[in-house]
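In: Pasted the sequence and its predicted model underneath.
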Amino acid sequence: MTYRDVASKQVLVWAGTAVGARMPVAMAPLALVFLVRERAGGYSLGALLAAAYVVGEIVGAPVLGMRLRPERVRVQLAVGLAVGAAGFAGLGGFPDPPPAVLAAFAWVAGAAPAAATGGLRTLLTALVPEHAAAQALSVESMLTSAVWAVSPAAVAGLALGAAPAAPLRLAAALMAASAAGLWLLPPAWGTAGRTAAPLVRVLAGAWPVYVTGAASLTLLGLSELVLPALLEQRGIDVGWSGPLLTGMAVGGGLGAFLHGLRAWPGRLRTRSVLLMAGTAFCVTIAALVPRAAGIAAVLVLGGMFQSAAMLTRNLSLREVLPPSALAAGYAVMYAAAGAGYAVTGSLAGALLRVVAPSTAVLAGVGVTLVLSAVGWWGEARRARRSARGADDAGAVGAAGVARPGAEGTAIGGRGDAERCL
């Protein structure tokens, strides 16, 4: 298994489409702050608009993701991206609209294309051989890290050098181009098969994966949101926060690259816990070291661990969900990660009023470790139940008669996702 297995013209087209869909997502929060920072309310209004955008994502991802159908995915994703582009255009196209109108546009811009991440991820894995799925997801993670590394500088440069609304206009153009790019890709992935159980129940069975996925983004959000205050506490120029976060994003891309170079030993849930512990350790050290160089080094290393941990979560979803539910599962994961990020922001904001930034970071690390432990326990419990179900099925096959309480056939050959309810 090498990266040669994912090198194709179709994957290149997919990458361009994915950049057009994800760059606006990475740009949006900071772009909304720059849009209104000179208006009445300034940064507070910007924070409210960013919150409206994130809430739109959290709501839109699971609701629209569960409606994706393999046989109609291209049309569904294109409509969502086009509506999202209209939302961004509305944010950047009016001279001085009321805050309520801006909030509505922000919500639409976040909600309408929120299923695109899950849909595009599933489409990517359909474009490559089955054995290259891990490498494909690593490529996606590297691309995402690059987008998040570039977007802050792009937003600041356009907003300060051109016009406050320029980043949002660029976001609208990129998302519209992404919608058009979908027509260069296959119209569907896989088959139109459905699960025997209701989709909501199948998705709910994967809750431990969502919990650990949210925990991973919680640490990332903690690093981003508390870093300026932490630097100020250490007597370091807060202007270093941008380069330090860029370094963390670069570390994330490097971690994704290294993860895809080989097949790693051990269970996915065990690797995930170890990687999460490594990320938590790095963030803890960043909260304690006094110099910018030390913070930079551990943030790069933490970014490597964090991106690899998220890759294990995406691979775990492929194990526990049937193929027809993967797009919806990825969308729910996206919403869970967004919710974890939002909760981290609220927690950090509340703690910073009463404790030092370093203490707020340590409290956030503690919450993350608890979530990781809960997720690991849930996955281990599900694995034990699946093993017992397989034993029961073997006994049925040997005897020819089902014993009382024996479980039925696994869904999609991946194990019954309902067992962990």
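Out: Great, that's in hand.
In: Run through the chain and note the low-pLDDT ranges.
Out: 1, 41, 188-197, 388-421 (pLDDT under 70).
In: so how far is Leu315 from the residue most central in space within the chain?
Out: Centroid check for the chain by CA atoms, centre = their mean gives Tyr334 as the closest residue, at 4.6 Å. As judged by CB to CB, to the nearest Å, Tyr334 and Leu315 stand 16 Å apart. (C-beta placed from N, C-alpha, C; glycine too.)
In: Buried by neighbour count: which residues of the one helix or strand Leu230 maps to qualify?
Out: Using DSSP states H and E, Leu230 sits within helix 207-233. Buried residues in helix 207-233, counting neighbours by 16 or more other CB atoms under 10 Å, are found at 207-231.
In: repeat for stretch 67-78
Out: 68, 70, 73-74, 76-78.
In: cool, stretch 280-289 as well?
Out: Buried residues in stretch 280-289, defined by neighbour count with 16+ other CB under 10 Å: 280, 282-287, 289.
In: Now those residues in a markdown table, please, with extra columns for secondary structure.
Out: Formatted as a markdown table, the buried residues of stretch 280-289 follow (DSSP: H, G, I helix; E, B strand; the rest coil):
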| residue | secondary structure |
| --- | --- |
| Ala280 | helix |
| Cys282 | helix |
| Val283 | helix |
| Thr284 | helix |
| Ile285 | helix |
| Ala286 | helix |
| Ala287 | helix |
| Val289 | coil |
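In: thought the residue nearest to the centre of the chain was touching Gly60?
Out: No - counting by CB atoms under 8 Å, Tyr334 does not reach Gly60; the two are 9.5 Å apart.
In: Overlap of the contact sets of the two?
Out: Common neighbours of Tyr334 and Gly60, counting by CB atoms under 8 Å, 6 or more residues apart in numbering, are Ala114.
In: How is the protein divided into domains?
Out: What automatic domain parsing lists as the domains of the chain is 1-132+151-192, 195-421.
In: closest to Ser138 out of the ones you listed?
Out: Nearest to Ser138, of all the domains of the chain, is domain 195-421, at 2.9 Å by CB to CB.
In: now the strands for the stretch 201-350 of the chain?
Out: For the stretch 201-350 of the chain, applying DSSP state E, counting those that start in this stretch gives no strands.
In: how about the helices in it?
Out: Along the stretch 201-350 of the chain, the segments classed as helices by DSSP state H, counting those that start in this stretch run 207-233, 241-259, 268-288, 292-320, 326-352.
In: List just the one of those that sits closest to Pro164.
Out: helix 241-259 (18.5 Å).
In: Just want the angle from that closest one to helix 292-320.
Out: Interaxial angle, helix 241-259 versus helix 292-320 (axes from the mean of the first three to the mean of the last three CA atoms, to 10 degrees): 40 degrees.
In: can you give me how far helix 241-259 is from the chain middle?
Out: 15 Å (CA atoms, centre = their mean, to the nearest Å).
In: Which neighbouring elements make contact with that helix?
Out: Helix 241-259 sits against helix 133-161, helix 207-233, helix 292-320, with contacts defined as 3 or more CB pairs under 8 Å, 6 or more residues apart in numbering; DSSP states H and E.
In: For it, buried residues please.
Out: Those buried within helix 241-259 under the rule 16+ other CB under 10 Å are 241, 244-257, 259.
In: And for that helix, what's in contact with it?
Out: With CB under 8 Å, 6+ apart as the test, helix 241-259 has contacts from 134, 138-139, 141-142, 144-146, 148-149, 152-153, 220, 223-224, 227-228, 231, 292, 295-296, 299-308, 311.
In: cutoff 6 Å now
Out: The contact list for helix 241-259 (CB atoms under 6 Å, 6 or more residues apart in numbering) reads 138, 141-142, 145-146, 148-149, 224, 227-228, 231, 296, 299-300, 303-304, 307-308, 311.
In: Same question for stretch 329-337.
Out: Stretch 329-337 has contacts (CB under 6 Å, 6+ apart) with 58, 61-62, 65, 115, 117-118, 121, 203, 206, 210, 213-214, 217, 317, 321.
In: what's the closest of these to Ala106?
Out: Distance to Ala106, by CB to CB, is smallest for Ile58 among those, at 13.0 Å.
In: Would you mind measuring from that closest one to Trp183?
Out: 29 Å.
In: same check, this time on Val226
Out: Counting by CB to CB, the gap from Val226 to Trp183 is 43 Å.
In: Repeat that for Pro357.
Out: Computed as CB to CB, the Pro357 to Trp183 distance reads 48 Å.
In: burial count for Arg384?
Out: Arg384 is flanked by 12 other residues according to other CB atoms under 10 Å.
In: list the contacts for Thr279?
Out: Neighbouring residues of Thr279 by CB under 6 Å, 6+ apart: 219, 302, 305-306.
In: Name only those of those residues that count as buried.
Out: Taking 16+ other CB under 10 Å as the criterion, what is buried in the contacts of Thr279 is 219, 302, 305-306.
In: Can you name the two of these that sit furthest apart?
Out: Farthest pair in those (CB to CB) is Leu219 and Phe305. Separation: 9.1 Å.
In: show me the contacts for the closest residue to Leu230 other than its chain neighbours.
Out: Distances taken as CB to CB, 6 or more residues apart in numbering place Pro357 nearest to Leu230, at 4.3 Å, with adjacent residues excluded. For Pro357, the contact set (CB under 6 Å, 6+ apart) comprises 226, 229-230, 233.
In: same question, Ser138
Out: Contacts for Ser138 (CB under 6 Å, 6+ apart) come out as 256, 259-260.
In: Next, format those residues as a markdown table and append distance to Val13.
Out: Formatted as a markdown table, the contacts of Ser138 follow (distance: CB to CB, whole Å):
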| residue | distance to Val13 |
| --- | --- |
| Ala256 | 20 |
| His259 | 24 |
| Gly260 | 20 |
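In: just to revisit the earlier point, the more surrounded of Ile58 and Trp183?
Out: A direct count of neighbours by other CB under 10 Å for Ile58 and Trp183 places Ile58 higher, at 21 against 11.
In: what about Val361, distance to Pro95?
Out: Separation of Val361 from Pro95 (CB to CB) stands at 41 Å.
In: for Gly56, same thing?
Out: 23 Å.
In: quick one: which of these two has more around it?
Out: Higher neighbour count among Gly56 and Pro95: Gly56, with 26 against 5, using other CB under 10 Å.
In: So what does the nearest residue to Arg234 once chain neighbours are set aside look like in phi/psi?
Out: In this structure, Arg234 finds its nearest non-sequential neighbour in Pro290, 5.6 Å apart by CB to CB, 6+ apart. The phi/psi pair for Pro290 (degrees, to the nearest 10) reads phi -90, psi -10.
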